[in-house]
Every structure is written in structure tokens, then in C-alpha cells.
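*Asks:* pasting the sequence and the predicted coordinates here, then a few questions.
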Amino acid sequence: MLKNIHLKKTYFYAKEKYWRLKWLRFLATRHNVIIMDVNKDLRESLQKMAARTQRREKISSFFPEGTRTKDGSLGKFKKTFAILSRELNVPVVPVSIKGAFEALPRGKWFPRPWKEVVVKFSSPIYPEEHSYESLQDAVYQDVQNEFASKEPAA
């Protein structure tokens, strides 16, 4: 769980399809959510995210798969976060979330009670020595390794 001090300076990048209702869009804009529509304003939304990231002590949060998988497995990562990291020369901190699928499967609106969700923050990966693709792969590998580990990621 992010502490309030960190949550207030964290911006989340989210698909437009989840924020179509006016009241949800209102909430999103007041709670640091940058909404993107891949068919219309991808470049503009990335520029907004970059502007927030360049500000001192601001954090950009991406879900690199772009969606929840149907079976809870790790999906293919999109390159957006790697592009932003390389262009702005900011590190990526891989985060693995175990138990999210069991707690809130795709297509469900309310979480299942008493399901454990564990979040693990890994060491930062710095973009200097990476291409977009190799940075994307390095972050994917880190998260995949965490999912493969038998130990709880506490």
C-alpha cells in the first residue's frame, strides 16, 4: 500500500474505456489519473504523463500489460513505460502484484472478500544502458521472476 504522501504525488496512466461515465472521469481528473484513448490522444496523454514525471518528486504508474488477463497469467508488456523512462532518463521500479486475479477477476466489479493480495517493489532499473525493447524485457523478466518465486513477496 502506498503511503498517502506517495499516493498524492503518483499519477496513474489508464485506458479511456474504464472512465467513460462523467462522474468517473470527474473522479479520475481529481485523483491523478491520466486518461488515454489509444485511438485518439495517445501522444497527448503521453506528453501529460511526461510533464508530470519531469516535475520534481512526481511518480508515474503504469500497468504495462494494459489490461487484466483472462486467467491471471502475466501478459505481454506494452512499450509505453519504457519509452517514457528512456526519453526522460528516469528509472523504472518493477512492481509485482500477486493475488489480484483471485481477488478481482477480469469482468468483475467488486473484489472477492478475504483474498490476499501481495505487492512487491523491486530494485530500480535504470534506462541508460537499455533500448526501449531491452528495458521492456528487463522489467518483464523481473516481474516474471517474482511471479515464479515460491516464497511470498512480502
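*Replies:* Okay, I see it.
*Asks:* does residue 97 sit in a helix or strand, and which one?
*Replies:* Using DSSP states H and E, residue 97 sits in strand 95-98.
*Asks:* what's the next secondary structure element after that strand?
*Replies:* Using DSSP H and E, the helix or strand that follows strand 95-98 towards the C-terminus is helix 100-103.
*Asks:* kindly export that following helix (C-alpha atoms) in PDB.
*Replies:* Taking Å, rounded to 0.1, in the frame of the first residue of the first chain, the C-alpha atoms of helix 100-103 are listed here in PDB:
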ATOM      1  CA  ALA A 100      -5.000  -9.600  -7.700                       C
ATOM      2  CA  PHE A 101      -6.700 -12.000 -10.200                       C
ATOM      3  CA  GLU A 102      -8.100 -14.100  -7.400                       C
ATOM      4  CA  ALA A 103      -9.300 -11.100  -5.600                       C
END
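*Asks:* what mean pLDDT does that helix have?
*Replies:* Here helix 100-103 scores 90 as its mean pLDDT.
*Asks:* quick revisit: pairing partners for the strand holding residue 97, with directions?
*Replies:* Strand 95-98 pairs in its sheet with strand 118-121 (antiparallel), by DSSP bridges.
*Asks:* which parts of the partner strand are buried?
*Replies:* residue 120 (16 or more other C-beta atoms under 10 Å). Where C-beta positions appear, they are placed from N, C-alpha and C, glycine not excepted.
*Asks:* and what of stretch 29-44?
*Replies:* By neighbour count with 16+ other C-beta under 10 Å, stretch 29-44 contains the buried residues 32, 33, 34, 35, 36.
*Asks:* would you mind writing the CA trace of it as PDB?
*Replies:* Output of stretch 29-44 as PDB, limited to C-alpha atoms (Å, rounded to 0.1, in the frame of the first residue of the first chain):
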ATOM      1  CA  THR A  29      -9.100  14.100 -13.000                       C
ATOM      2  CA  ARG A  30      -9.100  14.900  -9.300                       C
ATOM      3  CA  HIS A  31      -7.100  11.800  -8.300                       C
ATOM      4  CA  ASN A  32      -4.100  11.900 -10.600                       C
ATOM      5  CA  VAL A  33      -5.300   9.700 -13.300                       C
ATOM      6  CA  ILE A  34      -4.100  10.500 -16.900                       C
ATOM      7  CA  ILE A  35      -6.700   9.000 -19.200                       C
ATOM      8  CA  MET A  36      -5.600   7.900 -22.600                       C
ATOM      9  CA  ASP A  37      -7.500   6.800 -25.700                       C
ATOM     10  CA  VAL A  38      -5.300   4.800 -28.000                       C
ATOM     11  CA  ASN A  39      -7.400   5.700 -31.000                       C
ATOM     12  CA  LYS A  40      -7.300   9.500 -30.400                       C
ATOM     13  CA  ASP A  41      -4.900  11.100 -28.000                       C
ATOM     14  CA  LEU A  42      -2.100   8.700 -27.200                       C
ATOM     15  CA  ARG A  43       0.600  11.300 -27.900                       C
ATOM     16  CA  GLU A  44      -1.200  14.000 -25.900                       C
END
